[in-house]
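K.L.:
Next one to model:
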Amino acid sequence: MRSRLFAAIPDNRSLTVAALFFSMTALLHAQSTNASLSGRVTDPSEAVVPNARVAVISAGTNLRYEVLTGASGEYYLVNLAPGDYRIEIERPGFKKLIKPGVVLHVQDALALDFEMTVGEASQTVNVEAGAPLVNAESGTVSTVVDHAFVENLPLNGRSFQALIMLTPGAVVTPTAFDDQGQFSVNGQRADANYFTVDGVSANFGMTGYGAQVQTASGSLPALSAMGGTNSLVSVDAMQEFRIQTSSFAPEFGRTPGGQISIVTRSGTNAFHGTLFEYFRNDLLDAKDWFVNFNGLSKPAERQNDFGGVFGGPVIRNKTFFFLSYEGLRLRQPATQQTAVPASRELAPASMQPYLNAYPLPNGPVLAPGIAQFSAGYSNPSSLDAGSIRIDHVLTSKLTLFGRFNDSPSTLDQRGPITSAGSVLSNVQFLDSSVKTGTLGLTALITPAISNELRANYSNDRVATRSALDSFGGAAPIPDSTLFPAGFTSATAVFGYYIPGAGPYNQGKGTFNEQRQVNVVDNLSVTKSDHQLKFGVDYRWLGPFNSPYSYRQFVQFTGMGSAPGGVLSGIAQVAATFTNQSDALLAHNFSLYGQDTWKITRRLTLTYGLRWDVNPPLEGKNLSNYPFTVTGLENPAMINPAAVTLAPRGTPLYDTTWGNVAPRIGLAWRLSSGATLRGGFGIFYDLGQGSLGGASSYFPYVTENIFSPVSFPLSTQNAAPPAPSLSLPTNLSLNVADPHLKLPRSYQWNAALEQSLGNSQTLSLSYIGAVGRDLLRVEQLSNVNPNFPSIALTDNFATSDYHALQVKFQRRLSRGLQALASYTFSHSIDSASTDAFANYLNTPGSVANANIDRGDSDFDIRHAFTTGLTYDLPSAGSQKALKAVTGGWSLDAFILARSAPPVDVTYSNIRANGFALMPRPNLVPGVPLELFGSGYPGGKILNKLAYTQPPNGQQGNFGRNVLRGFNAVQPDIGLQRTVRLTERTGLRFRGEFFNILNHPNFASPIAILTNSLFGRSTQTLANGLGSGGANGGFNPLYQIGGPRSIQLALKLQF
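P.N.:
Next comes the predicted model:
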């Protein structure tokens, strides 16, 4: 059976495409992490010097790259690994020229011109001036952070999420199970960023939820159980990283968001290493604001982050190794304000075990039968991340490297946060394992042609389960009460939900696995003033899901005594499910060509085309194929009678073949210290959206629904339904518009960059982007009697983004290094996530997407960040005084941003499990917000200002009209290095995150049916993400928590 990539091509085109593919394998380039160096060599009269030998020599390994200047005196070297180099230039009749200390960063395109002096070749001229500060070779907007800067900054959590926030246009966003990307770049969605490590994809992350949603198609990086990037690369093993944010060259793509390229460290001819320990304890930290507000005890915190790196030669100048290990043992403090059932004694005896599984109230009554429960607690977690890298010089023209990484991690998370609330007697256990293996081969074929090959296999496994315990006075429920005979919490799961009090689950979660094979190659050809690149990047993904075998779920309308209320003993709805595992496949193929043309010494043009092909997800075999339907050819107007199941094996949508993306970038060097840059490009996204969540739909799930029904269920009703592929079904189908297109983004920029002295640059940029044919989900109701509803992924969403961005960067000079940025922006869209669902369409047609058009969920108008390190001068001239005051440095990371949008909605659960999320109608003359010092953050939303619209209608209140809270956080680090020997130092370090203990609040709860509507119930750190199955970084390491102090000790040698 042919791969879907080519099977979908009509036969008369298969041969053409196959021939094109194989002919291009000799001319390949994709996602290179290496740098390039170019320039011109002249004599004192400015005449060009041809045939001069230019040698670029690695300071760490003595690896030598050589090329002769051309007839115009030009030279060009590509595929240079990031690092420190020495340049030597020789030609008979001229003195030998030597320039040490040339630092190349990841994906640098550095231009260095040289003037040779007439004289004997035995004489030497040393050039001391540093590399150019201003990028005069590219129209791309990007930010690079090197290892020295990373090592000194106070990075909370020792993960490079904080570094991403230093980038203009990057916005940290809250996460949810169906939107786990954590940050948006220049108005693009949070799952539109592409991570690479050593030139291969790191986007093989897998969610801990049963529905794999975006993770099935490789939209997200593989993070640890706590949401950290140290599962991919420990900070101490990272050489540097670059994030490209606008109009990047055709060699970069696959997604339209930020392109984050990470390069790992390698060994050198000298043995070097580090041993470290980072320590935290609740005795050092301030109380969470809500701990004080609710009169709680401070929860325990214990952190030991330990490990080390070690590298050096196996054979000098030939073979090198680099080892890394990081271990983390953490008890993460957390505080939550929740709602629980009250008046439990009034419930029937058969209901009381289920109510007693909630903690006992310890706060005021919030609604009839619902009271507040607040508590502090600690979530234990662990990480063991190890890696080894070997670099080998096969010949002077052929180098090889291999890297293997293994990073298991765990998290026990109390009260998993959902949109419906949290139950703190419910614990979710998550086990994650990330493994990667990468091989790279770089060949200098001729002085003008070089090739770089990368091959990778990666695997991410995530397993979850949930349990009830006695936290807060709760009483766990035995399996014999929850499950029918033959099932236990090891194989099945039970779910219970009271609106206003939150849901809980007990039993098996899911086992999700993502497998990735990624092959990329890189061939660069220099021809006169042109640097040509051609490329291909192929990625295969194999997501697998093995869920629970049986599930029972029950929901009530509230604590009332009317039918549907808990006190009546009659549930609003109950359902039983049986689940099957599913194994899907995804293919991504990209081909491109580009030319960097140095038109003049001052003007460089980069242009080219990129072609992306992303066929729909398919089944590993016929029995794993997700079902789709026919009759949706015109989603804007559907004939209900024509909608029926398509034969199994029918693609979810037609593969699109015309995804050609032109790119152009211009760099014009106005003077030696000023450059004007601009660029335009079209960018395509993967286009799978939430279709990876098919395992939660028919035919993978079979369901029996009872509404209303006595609870506990009878033996007959509790029996598992028999798997069935027949119609009608109680479950929705997850399908796509059969003519679904790849979402696309048009992006452009104009930037002026000016050097300020010898060490600083200031850049001013305008960034624009519009998104068209973006994904969203329509919930088609009452299509016909065979389907209660259809979740339809379509292309009806749009977006617009405009920004003014300012960036200041200072190289390390006189002990000071800094990176600061400010962004003034506005982002508007009709859906901010691929899983954004509109459930308010009329039968036979989809909703008008423009009714949802408003500020994006990640619209932050003002954002400022800065990071700096400063070596403090020693005091006095006496030796004893210098010994005490010398070796100190002060480091800082500061963030300030304006408030994010808040979207007010209702939430009602339909019988088939889908939530209606209509926005309300406004009550005229009633204020939308109430202000007062007794409210968290000084304000709450006014519930009396809103009324529920008629069933099936959208209210007149717009999307994302209100705003949450501003955020400000300064982090400070103070460290001292004591030299033990010439090459050995001991570093003491204290880091003070949110040193002023300024409270930052998460946005208020905006679901009107939630008992805690209108008020913020947690700090910003908890609101941004919880790690685990919900995604996001561990709250202890997010911005917006209370003051936390970290002490560290490092031995460097």
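K.L.:
Surely L752 and L676 touch.
P.N.:
Yes: under the criterion of C-beta atoms under 8 Å, L752 lies in contact with L676, with a separation of 5.6 Å. All C-beta atoms are positioned from the backbone trio N, CA, C, and that covers glycine.
K.L.:
Checking the spatially most central residue of the chain next. Helix, strand or coil?
P.N.:
Nearest to the mean C-alpha position of the chain, counting by C-alpha atoms, centre = their mean, stands G181 at 3.9 Å. Taking DSSP: H, G, I helix; E, B strand; the rest coil as the rule, one finds G181 in the coil state.
K.L.:
For the nearest residue to it once chain neighbours are set aside, give me its contacts.
P.N.:
Distances taken as C-beta to C-beta, 6 or more residues apart in numbering place A190 nearest to G181, at 2.8 Å, with adjacent residues excluded. Residues in contact with A190 (C-beta atoms under 8 Å, 6 or more residues apart in numbering) are T173, T175, D179, Q180, G181, Q182, F183, S184, G257, T833, F858.
K.L.:
and A190, which of the three is it?
P.N.:
Here A190 is recorded as coil under three-state DSSP.
K.L.:
Domain ranges for the chain, per the record?
P.N.:
Recorded structural domains for the chain (assignment: automatic domain parsing) are 31-131, 143-337+346-897+966-999+1019-1052.
K.L.:
Distance to Y935 and mean pLDDT for the ones you listed - can I get that in TSV?
P.N.:
Converted to TSV, the domains of the chain look like this (distance: least, C-beta to C-beta, whole Å; pLDDT from 0 to 100):
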stretch	distance to Y935	mean pLDDT
domain 31-131	46	85
domain 143-337+346-897+966-999+1019-1052	10	90
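K.L.:
Need the phi and psi values for A880.
P.N.:
Backbone torsions for A880, taken as degrees, to the nearest 10, come to phi -60, psi -40.
K.L.:
Let me see the ranges of the strands in the stretch 601-750 of the chain.
P.N.:
If DSSP state E, counting those that start in this stretch is used as the criterion, the strands of the stretch 601-750 of the chain fall at 603-613, 618-619, 629-630, 644-645, 660-671, 674-684, 701-706, 709-710, 733-736, 744-756.
K.L.:
ok, back up a step: in CSV: the domains of the chain, plus distance to T947.
P.N.:
CSV is the format used below for the domains of the chain (distance: least, C-beta to C-beta, whole Å):
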stretch, distance to T947
domain 31-131, 52
domain 143-337+346-897+966-999+1019-1052, 16
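K.L.:
which of those domains is buried the deepest?
P.N.:
Among these, judged by mean count of other C-beta atoms under 10 Å, the one packed with the most neighbours on average is domain 143-337+346-897+966-999+1019-1052 (a mean of 20).
K.L.:
Next, the distance between the ends of that one.
P.N.:
The first residue of domain 143-337+346-897+966-999+1019-1052 is 28 Å away from its last residue (C-alpha to C-alpha, to the nearest Å).
K.L.:
From R403, how far out is the closest residue to P1004 other than its chain neighbours?
P.N.:
With C-beta to C-beta, 6+ apart as the criterion, P1004 has its nearest non-adjacent residue at 4.9 Å, and that residue is S1016. From S1016 over to R403 the distance is 44 Å, taken as C-beta to C-beta, to the nearest Å.
K.L.:
S561 now?
P.N.:
Here the criterion is C-beta to C-beta. By it, S561 lies 64 Å from R403.
K.L.:
Can you tell me the SS state at G486?
P.N.:
At G486 the chain is in coil, as set by three-state DSSP.
K.L.:
picking up where we left off before, please tabulate the contacts of A190 in TSV and include distance to V291 as additional columns.
P.N.:
As requested, the contacts of A190 are exported to TSV (distance: C-beta to C-beta, whole Å):
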residue	distance to V291
T173	26
T175	23
D179	29
Q180	28
G181	30
Q182	26
F183	28
S184	31
G257	36
T833	32
F858	29
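K.L.:
Just list whatever residues bridge to S381.
P.N.:
L330, L411 (DSSP bridges).
K.L.:
Quick check: the gap between it and T410.
P.N.:
Following C-beta to C-beta, the distance that separates S381 from T410 is 6 Å.
K.L.:
Now for those two: what residues contact both?
P.N.:
Taking C-beta under 8 Å, 6+ apart as the contact criterion, the residues that touch both S381 and T410 are A225.
K.L.:
re the thing from before, now for the contacts of A190: which two are most distant?
P.N.:
Taking C-beta to C-beta as the measure, those reach their widest spread between T175 and G257, a distance of 15.2 Å.
K.L.:
can you give me the helices in the stretch 751-900 of the chain?
P.N.:
Ranges of helices within the stretch 751-900 of the chain are 879-885, based on DSSP state H, counting those that start in this stretch.
K.L.:
And the strands in it, which stretches?
P.N.:
Listed in chain order (using DSSP E, counting those that start in this stretch), the strands of the stretch 751-900 of the chain are 760-784, 787-813, 816-829, 837-838, 854-855, 862-871, 888-897.
K.L.:
What strands flank the host helix or strand of Q516, and is each parallel or antiparallel?
P.N.:
Here Q516, judged by DSSP states H and E, is contained in strand 502-527. The strands beside strand 502-527 in its sheet (DSSP bridges) come out as strand 449-468 (antiparallel), strand 492-498 (antiparallel), strand 530-541 (antiparallel), strand 544-547 (antiparallel).
K.L.:
what sits against the residue nearest to L424 when sequence neighbours are not counted?
P.N.:
Distances taken as C-beta to C-beta, 6+ apart place G415 nearest to L424, at 4.2 Å, with adjacent residues excluded. The contact partners of G415, taken as C-beta under 8 Å, 6+ apart, are A334, Q336, T338, Y377, S422, V423, L424, N426, V427.
K.L.:
Okay, and which of those map to helices?
P.N.:
Nothing among the contacts of G415 maps onto helices, per DSSP state H.
K.L.:
Please report how far the residue lying closest to P626 once chain neighbours are set aside lies from A636.
P.N.:
The shortest distance from P626 to any residue that is not its chain neighbour, by C-beta to C-beta, 6+ apart, is 4.0 Å, and that residue is A694. Plainly put, A694 is 24 Å away from A636 if you go by C-beta to C-beta.
K.L.:
What of Q817?
P.N.:
Q817 sits 55 Å away from A636, taking C-beta to C-beta as the criterion.
K.L.:
Ok, D971 next?
P.N.:
Counting by C-beta to C-beta, the gap between D971 and A636 amounts to 51 Å.
K.L.:
do A455 as well
P.N.:
On the measure of C-beta to C-beta, A455 and A636 end up 45 Å apart.
K.L.:
What of G1032?
P.N.:
Here the distance between G1032 and A636 works out to 36 Å (C-beta to C-beta).
K.L.:
pretty sure F706 contacts V573?
P.N.:
Yes: counting by C-beta under 8 Å, F706 touches V573, with 7.1 Å between them.
K.L.:
P50 is in contact with A71, correct?
P.N.:
Yes: assessed by C-beta under 8 Å, A71 is found in contact with P50 at 5.1 Å.
K.L.:
need the contact list for the residue nearest to L780 when sequence neighbours are not counted.
P.N.:
Distance criterion C-beta to C-beta, 6+ apart; nearest residue to L780, sequence neighbours excluded, is I790 at 4.3 Å. Contacts for I790 (C-beta under 8 Å, 6+ apart) come out as V629, L632, V643, S732, L733, V735, Q779, L780, V783.
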